[in-house]
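Visitor: with the sequence up front, the predicted model follows.
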Amino acid sequence: MSEPSLVVGVAILSACLLVFVLAPLAATLAFPNVGSWGVTLRSGRFAKAALHSLLMTILSTATATLVGFLFAYTITRTATPLRGLFRAVSVLPLFSPPFMVAFGYVMMVGRNGLITHGLLGLRVNVFGWHGLWLAQTISFFPVAAIVMEGALRSLSPNLLHAASNLGASGARQLWTITLPILRPAFAAAGLLVGIQVLADFGNPILIGGNFSVLATEAWLRVEGWADVQGAAVLSAEILLPSLLLFAAQRIWVRGRTVATVTARAGMDTVPRTSAAGRWLLGIVCGIVSALVLLVYVALLLGAFVKGWGFDWTPTLANLGDITVRGAELLHSILYAAGAALGSAVVSLGTAFLVSRKRFRLRSAMDLAALLPAALPGICFGIGYSILFSRPPLDLYGTAAIVVLSLLFWNISVGHQTFVTAFGQISPAFGEAAANLGAGSFRVLREIELPLVSGAFLSAATVSFIRAVTTLSVVVFLANAGNGVATVSIMNLVNDGFYGKAAALTVSLLILSAGALGLGRLAAGRPVDLFQA
C-alpha cells in the first residue's frame, strides 16, 4: 500500500474506530473500581436482575424465533391469500421504536386498557414478565422472519417434490427435510434475536414493572442513585454475553451453511401445503398480525383521547403538546439523518479497504467495524457518557455526542452491506483502472461507488430507522439541550401522560416515514431494506 492518500485514509478510519468504538467500550469496562464491582455483583438486586434477563432471553428468543419461522413459512411455502398482508405486517415493528409495542399493550390491555377495562370492565395487570414476554416476542419476531424467509426461498423445491412422489405427507416433509436443513437458519435467527432481547431497554422500562432486568437496573443506577460505576458494571454484564452470542452467531453462520441443489424457484413449483395446514398457519399469523396492528390502533386512538382509561372524550389537546416538544422531534430527525449519512460514508470506507486492499490493520479494522453489532445500545450510551463528558473531549449535552454515538453504533450495518456488495463486483474493473493510472480513491469514486449506490441507500436507510427509533443509546446522553423524542415519550409514559406520549409517538412515526420518503424520492429508486 504505497499510495499516500490511501495511508491517510487507513489512518483516519482506524483512528475513528479506535476513538469512537473501542475507547467507549474500554471505558465502560475500566471505569468501575474494584469496590464497585464487588458491591454491585454481591447485591441481591443484581442477582435478581441477572436471573430475569436470562429468563427473558430464553423465553422471548424461543417464541420470537418460532413466530418468525411460522410467518416466513406461510409467506414462502403456502398459498394463503393473506400472505402479502402478513409479510407487510411482519416488517412494521422494524420501522417503529421497540418500546412502542409495550406502550401499545399498556394502553389496550393494561389496568386502564381500552379493551380490558373500557370494554370488558376488567382490571388486568399487564406489567411484569408475562407482558414483557409478549412485547419482546412481537417486537423482535420480524428479525427472525427475515432470516427464515431468505433461507426458505433458497431451499430447493426438488427435494420436497421427490419426497412427495415417494408418498411423504406435508408434515413429514416439514419434519424430515425442511426443519433439518433450516437448523443453521434457526440458530442464526435465534442468536440475532437473543442479542436484541438481552439488550432491550425500552420494553422492560415501560411494561416490566417490578420485573427488573440488567438494562433497566443499569438505568436506575444512574437516574435514581447517580451510581455511574454501578451502571457500568451492569452494562459490562450485559456486554459479555452479547459478545458471546455475536461470536457464536458469526461462527455458526460461517461454518454451518447448508447448500441445496438448484436455483430459486417460484411459488408454482413449491409443493402445496394441505388445507388444514394453511388454515392453521393463517390463524396463527392472523392472531400475531392483530397483535401488531393493535399497537398502531392504540396510538392513533390515544392521540385523540382526553384522559386514557378514565375520560374517553375526543380531543385535539394532545396535539398541542407536539408543538411544545417540536425541538425534540426535530432533533430526532436531524440527528438520525446526520448519523445515517455519516455511518454510510464511514462504513463505505471501511468496507472498501477491507474488501479491496491488503494492509496490516485489515483484520482489525474489519472486526472493529463489525463490533458495534454486538454492543447493546445501553453499553454504547454509558461508554459515551463516561468518555465524552470530561476533558479532553467534553461533549455532554451537545448534539455531537448524540450524532456520534448513533453514527458509530450503526456502522456494522453499513459495513456488512458494503462488504457483501463489493463481493458481488469483480475487482477486475478497479484493477484495470489502476493499471491506467487511476488512484484508489478515484477508483472508488468513479467505478465502485456507482455500482454500490443501492447498497449505500439501503445502509443509510436502515441506519436512519435504527437511529430515530432507539432509546437505549440516547437515554444516557440526552438532556434539555439535546433531547430527542424517544426519551420524552418514555418520560411521558412513566408519568402517566399516555395521550401526550401517543401523540408524540405518532408524530415521530409520520416524520420518520416522511423523511424516508423524501430520501427515496431524492434517490429516484426504491430502497431495499432487506439488503442491509
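Guide: Now that the structure is in, tell me what you want to look at.
Visitor: next one: stretch 392-402 to chain centre, how far?
Guide: Averaging C-alpha positions (Cα atoms, centre = their mean, to the nearest Å) puts stretch 392-402 24 Å from its chain's average.
Visitor: also stretch 384-398?
Guide: With Cα atoms, centre = their mean, you get 26 Å for stretch 384-398.
Visitor: P93: neighbour count?
Guide: P93 has 20 neighbouring residues, counting by other Cβ atoms under 10 Å. The way it works is simple: take the backbone N, C-alpha and C, and place the C-beta from them, glycine included.
Visitor: contacting residues around it?
Guide: Residues near P93 by Cβ atoms under 8 Å, 6 or more residues apart in numbering: V101, I138, S139, F140, F141, P142, V292.
Visitor: phi, psi of the residue lying closest to I401 once chain neighbours are set aside?
Guide: Setting aside the residues directly before and after it, I401 is nearest to L395 in space (Cβ to Cβ, 6 or more residues apart in numbering), at 3.9 Å. Here is the backbone geometry of L395 (degrees, to the nearest 10): phi -110, psi 0.
Visitor: hang on, L395 packs against S389?
Guide: Yes: counting by Cβ atoms under 8 Å, L395 does reach S389; the two are 7.3 Å apart.
Visitor: the two - which one has more neighbours?
Guide: Neighbours were counted for L395 and for S389 using other Cβ under 10 Å; L395 has more, 20 against 16.
Visitor: next up, the contacts around that one.
Guide: By Cβ under 8 Å, 6+ apart, the residues touching L395 are F388, S389, I401, L404.
Visitor: show me which pair in the residues you listed is furthest apart.
Guide: For the contacts of L395, the farthest-apart pair by Cβ to Cβ is S389 and L404; their separation is 12.7 Å.
Visitor: about what we covered before: how about the contacts of P93, which pair is most distant?
Guide: Once Cβ to Cβ is applied, the contacts of P93 give F140 and V292 as the farthest pair, at 12.0 Å.
Visitor: so if I had to pick from those two, which one is more boxed in?
Guide: F140 (30 against 22).
Visitor: max-length helix in the protein?
Guide: helix 44-77 (DSSP state H).
Visitor: which other helices and strands does that one contact?
Guide: If contacts are counted by 3 or more Cβ pairs under 8 Å, 6 or more residues apart in numbering; DSSP states H and E, helix 44-77 sits against helix 83-91, helix 129-153, helix 183-199, helix 214-225, helix 228-255, helix 275-302.
Visitor: picking that back up, tell me, what's touching L395 and S389 both at once?
Guide: Shared contacts of L395 and S389, defined by Cβ under 8 Å, 6+ apart, comprise I401.
Visitor: on the three-state scheme, the closest residue to R111 other than its chain neighbours is what?
Guide: With sequence-adjacent residues excluded and distances taken as Cβ to Cβ, 6+ apart, R111 is closest to R123, at 5.4 Å. Classification of R123 by DSSP: H, G, I helix; E, B strand; the rest coil places it in coil.
Visitor: same question for K306.
Guide: strand.
Visitor: same question for the one 3 residues further on.
Guide: Put simply, G309 is coil when judged by three-state DSSP.
Visitor: what does it show for phi and psi?
Guide: Torsion angles, degrees, to the nearest 10, at G309: phi 100, psi -20.
Visitor: again, but for the one 3 residues further on
Guide: The phi and psi torsions at W312 (degrees, to the nearest 10) take the values phi -90, psi 20.
Visitor: okay but it is in contact with G118, surely?
Guide: Yes: using Cβ under 8 Å, W312 is in contact with G118, at 6.9 Å.
Visitor: give me the common contacts of the two.
Guide: In contact with both W312 and G118: no residue, using Cβ under 8 Å, 6+ apart.
Visitor: run through the stretch 251-400 of the chain and note the low-pLDDT ranges.
Guide: Scanning the stretch 251-400 of the chain for pLDDT under 70 picks out 252-273.
Visitor: go again using 80 as the cut-off
Guide: 251-277, 309, 321 (pLDDT under 80).
Visitor: got it, and the stretch 401-532 of the chain?
Guide: Using pLDDT under 80, the stretch 401-532 of the chain drops low at 424-447, 515-532.
Visitor: so how far is T420 from the most centrally placed residue in the chain?
Guide: Most central in the chain under Cα atoms, centre = their mean is R466, positioned 6.1 Å from the mean C-alpha point. Distance of R466 to T420, given as Cβ to Cβ, to the nearest Å: 18 Å.
Visitor: for P450, same thing?
Guide: 17 Å.
Visitor: and of the contacts of L395, the nearest to A62?
Guide: A62 lies nearest to L404 out of the contacts of L395, by Cβ to Cβ, at 36.0 Å.
Visitor: who are the contact partners of the closest one?
Guide: Counting by Cβ under 8 Å, 6+ apart, L404 makes contact with F20, A339, Y384, F388, L395.
Visitor: sort out for me which of the residues you listed are in helices.
Guide: A339, Y384.
Visitor: closest to F201 out of the contacts of L404?
Guide: Of the contacts of L404, the one sitting nearest to F201 (Cβ to Cβ) turns out to be Y384, at 15.0 Å.
Visitor: wait, isn't that closest one in contact with L407?
Guide: No: Y384 is beyond contact range of L407, at 11.1 Å (criterion: Cβ under 8 Å).
Visitor: looking at these two, which has the bigger crowd around it?
Guide: Y384 (28 against 25).
Visitor: count of neighbours near the closest residue to that one other than its chain neighbours?
Guide: Once flanking residues are discounted, Y384 sits nearest to S405: 4.7 Å by Cβ to Cβ, 6+ apart. S405 has 28 neighbouring residues, counting by other Cβ under 10 Å.
Visitor: what does G150 give?
Guide: Burial of G150 is recorded as 15 neighbouring residues (other Cβ under 10 Å).
Visitor: picking up where we left off before, okay, P450 and T420: which has more neighbours?
Guide: T420 (15 against 10).
Visitor: can I assume S96 is in contact with L509?
Guide: Yes: between S96 and L509 a contact is recorded at 6.5 Å, counting by Cβ under 8 Å.
Visitor: and those two? Which one has more around it.
Guide: Under the criterion of other Cβ under 10 Å, the comparison of S96 against L509 puts S96 first, with 21 against 18.
Visitor: show me the contacts for the more buried one.
Guide: Applying Cβ under 8 Å, 6+ apart, the residues contacting S96 are V295, T469, L509.
Visitor: can you check V39 too?
Guide: V39 neighbours (Cβ under 8 Å, 6+ apart): G230.
Visitor: quickly note the distance from N494 to F99.
Guide: 11 Å.
Visitor: quick one: common contacting residues for the two?
Guide: Counting by Cβ under 8 Å, 6+ apart, the common neighbours of N494 and F99 are I205, L206.
Visitor: and the residue nearest to the centre of the chain, how close does it get to S343?
Guide: Distance of R466 to S343, computed by Cβ to Cβ: 9 Å.
Visitor: try V91
Guide: 21 Å.
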